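In: how does the following fold in three dimensions:
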Amino acid sequence: MVQIRYQKSNVGWKWLFAFAAVCGCVGLTYAALMMDLMLTRRFVAAVIALMGFSFFGKFLIVGIRALISSEQVLFSYKEEGLLAGDKVVLWGDIRQVRVEHTRIGILFQPIFPKFIFLLKNGQQVVWNTQYLLSHQEMRRWTEALQLEVKQNRSVHSNDEVRMQEQTSATS
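Out: Numbers count the residues shown, from 1 in each chain. Below is the predicted model of the structure:
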């Protein structure tokens with residue numbers, strides 16, 4: 001079984017950065033509410049503070065939970081497929097592996113990076129990383145997962161060819 005783990009040192013640095021950003025957002029909020037600024041500057045300061053609070057504030061909570069947690073495993077997968085909750089999704093059932101990167105969504109809600117596995121039946125399995133993996137780790141794991149899907153796809157297609165050859169040979 002292969003386990004995708006995060007590094008606590010990376011999470012610690014990200015948490016410190018998020019803490020500094022939240023402190024900056026507090027300063028922007030103070031400036032927007034208490035200082036004598038033009039209306040446009042107040043508006044810009046308030047919007048940036050809201051975006052910062054929603055993104056970095058959420059990561060402060062996620063980061064604390066990750067730093068306190070004794071287990072650093074985010075996801076696991078086996079030779080026959082990936083673990084989605086308590087069931088195994090076979091590699092042959094996966095059509096594509098995609099990564100959705102960090103962005104700010106509707107109403108300033110942060111959307112953290114996630115792995116999206118598109119299945120052949122149209123469904124999808126989503127692994128949320130909660131921004132605990134670095135970009136290099138995300139890239140490395142994406143390549144490994146795509147390779148795993150590609151290898152198992154070629155194995156399944158070879159099995160189908162062998163089965164077709166056997167059925168044509170018997171008839």
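
In: so which residues of the chain form strands?
Out: With DSSP state E as the criterion, the chain has strands at 2-5, 73-77, 81-84, 87-90, 94-100, 103-104, 110-111, 114-119, 124-128.

In: between the longest one and strand 114-119, how many degrees?
Out: This points to strand 94-100. 160 degrees (axes from the mean of the first three to the mean of the last three C-alpha atoms, to 10 degrees).

In: who's in contact with strand 94-100?
Out: Strand 94-100 has contacts (C-beta atoms under 8 Å, 6 or more residues apart in numbering) with 81-82, 111, 113-120, 138, 142, 145-146, 149, 152. The way it works is simple: take the backbone N, C-alpha and C, and place the C-beta from them, glycine included.

In: related to what we said a few turns ago, mean neighbour count and mean pLDDT added to the strands of the chain, as a markdown table?
Out: A markdown table is the format used below for the strands of the chain (neighbours: other C-beta atoms under 10 Å; pLDDT from 0 to 100):
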| stretch | mean neighbour count | mean pLDDT |
| --- | --- | --- |
| strand 2-5 | 15 | 90 |
| strand 73-77 | 16 | 88 |
| strand 81-84 | 19 | 84 |
| strand 87-90 | 14 | 86 |
| strand 94-100 | 16 | 90 |
| strand 103-104 | 12 | 81 |
| strand 110-111 | 16 | 84 |
| strand 114-119 | 17 | 92 |
| strand 124-128 | 15 | 90 |
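
In: out of those, which is closest to residue 55?
Out: Residue 55 sits nearest to strand 110-111 of all the strands of the chain, at 4.1 Å, using C-beta to C-beta.

In: which secondary structure elements does that closest one sit against?
Out: In this structure, strand 110-111 makes packing contacts with helix 39-68, strand 103-104, judged by 3 or more C-beta pairs under 8 Å, 6 or more residues apart in numbering; DSSP states H and E.

In: and residue 18, how close does it get to residue 32?
Out: 20 Å (C-beta to C-beta, to the nearest Å).
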